[in-house]
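Novice: sharing a model prediction with you, sequence too.
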Amino acid sequence: MADTATHAGAAADHNIHPDLAKELRTIAAVPMDLRRPALRRLAEQIGNVAMIDLFGEFIGLANQVAFNASEQAKDLLVLHGHVWPHEAERVNMPCILGALNGIVLAAGIDPGPLCGGCAFRAGTVANQCLPTTEDADYCSTPGECPFFCHEAVDEHGNTISACRGFAQRRAALNAAERNTEDQEPTA
C-alpha cells in the first residue's frame, strides 16, 4: 500500500553505522537515569563532532520510524476495511516535529483540569501530532478562533466548548500582550 518512492526517500534520511546502532540500542533500552551517563560515555569515546553528527542521524531515524508507523497505520486501516485509501491519508499520527511542538505548547499549562488526551497535556497522542499542535498553537493566538475540546461534544459529535488547555494558553498570551502594551517605551 505504501508509496515505495516516498518510503525510499524516508529511508535515506539517516546513515548510522551498525556499531553505533548497537550502542544506541543498548542506551535506548534503559531508563533516563542510566541513559544520560551512557550517552556521556559514548560522547567521550567518539568525540563531540561525531556525537553531533550521530544526533542528526538519530533524528533522521526517528523521522523514518514515525513515517513508517504512519504508513503501517494507514495500510492496516485500508486492509481491514475500516476506511478507503483516500480517507486513510488524513490519519493524524505522532511525529518528531509534532512532539517538539507539543513540548512548547504544554509549557506553563496546568495539566490538572485538562482531559487525559488533551493537546496541551505533555506526551499525549494529540500533543505529538503535527497538525493538531499547529492548529492548537494557531488558535491560541489572541483574536483567532478557539481550539475546541475533543471530549466536550453533543449527542451528534459536535464540539461544544473550548479546550481547557487552550483557555489557559490564550489567557497567558492575552496577559503577555496586555503587559507589552502597558509598558511605556524607554528613551
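Specialist: Thanks, I have the structure now.
Novice: and the longest helix seen in the chain, how far out from the chain middle?
Specialist: Ranked by number of residues, the top helix in the chain under DSSP state H is helix 48-79. Offset of helix 48-79 from its chain centre (Cα atoms, centre = their mean, to the nearest Å): 13 Å.
Novice: right, and the helix or strand after that helix?
Specialist: Using DSSP states H and E, the next helix or strand after helix 48-79 towards the C-terminus is helix 85-88.
Novice: and that next one, what does it pack onto?
Specialist: Counting contacts by 3 or more Cβ pairs under 8 Å, 6 or more residues apart in numbering; DSSP states H and E, helix 85-88 packs against helix 48-79. (Each C-beta comes from the backbone N, C-alpha and C, glycine too.)
Novice: which helices and strands sit right next to the helix it packs on?
Specialist: Checking 3+ Cβ pairs under 8 Å, 6+ apart, helix 48-79 ends up next to helix 4-11, helix 18-28, helix 32-46, helix 85-88, helix 96-106.
Novice: how big is the angle separating the longest helix of the chain from helix 18-28?
Specialist: With axes from the mean of the first three to the mean of the last three Cα atoms, to 10 degrees as the basis, helix 48-79 and helix 18-28 are set at 80 degrees to each other.
Novice: tell me the mean pLDDT for helix 48-79?
Specialist: If you average the pLDDT over helix 48-79, you get 93.
Novice: and for stretch 94-114?
Specialist: In this model, stretch 94-114 has a mean pLDDT of 96.
Novice: over to stretch 155-166?
Specialist: 93.
Novice: can you pull the buried residues of that stretch?
Specialist: Residues of stretch 155-166 classed as buried: 162-166 (neighbour count, 16 or more other Cβ atoms under 10 Å).
Novice: can you list those in JSON lines and add secondary structure and distance to A176?
Specialist: Compiled in JSON lines, the buried residues of stretch 155-166 are given as follows (DSSP: H, G, I helix; E, B strand; the rest coil; distance: Cβ to Cβ, whole Å):
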{"residue": "A162", "secondary structure": "strand", "distance to A176": "19"}
{"residue": "C163", "secondary structure": "coil", "distance to A176": "19"}
{"residue": "R164", "secondary structure": "helix", "distance to A176": "19"}
{"residue": "G165", "secondary structure": "helix", "distance to A176": "17"}
{"residue": "F166", "secondary structure": "helix", "distance to A176": "15"}
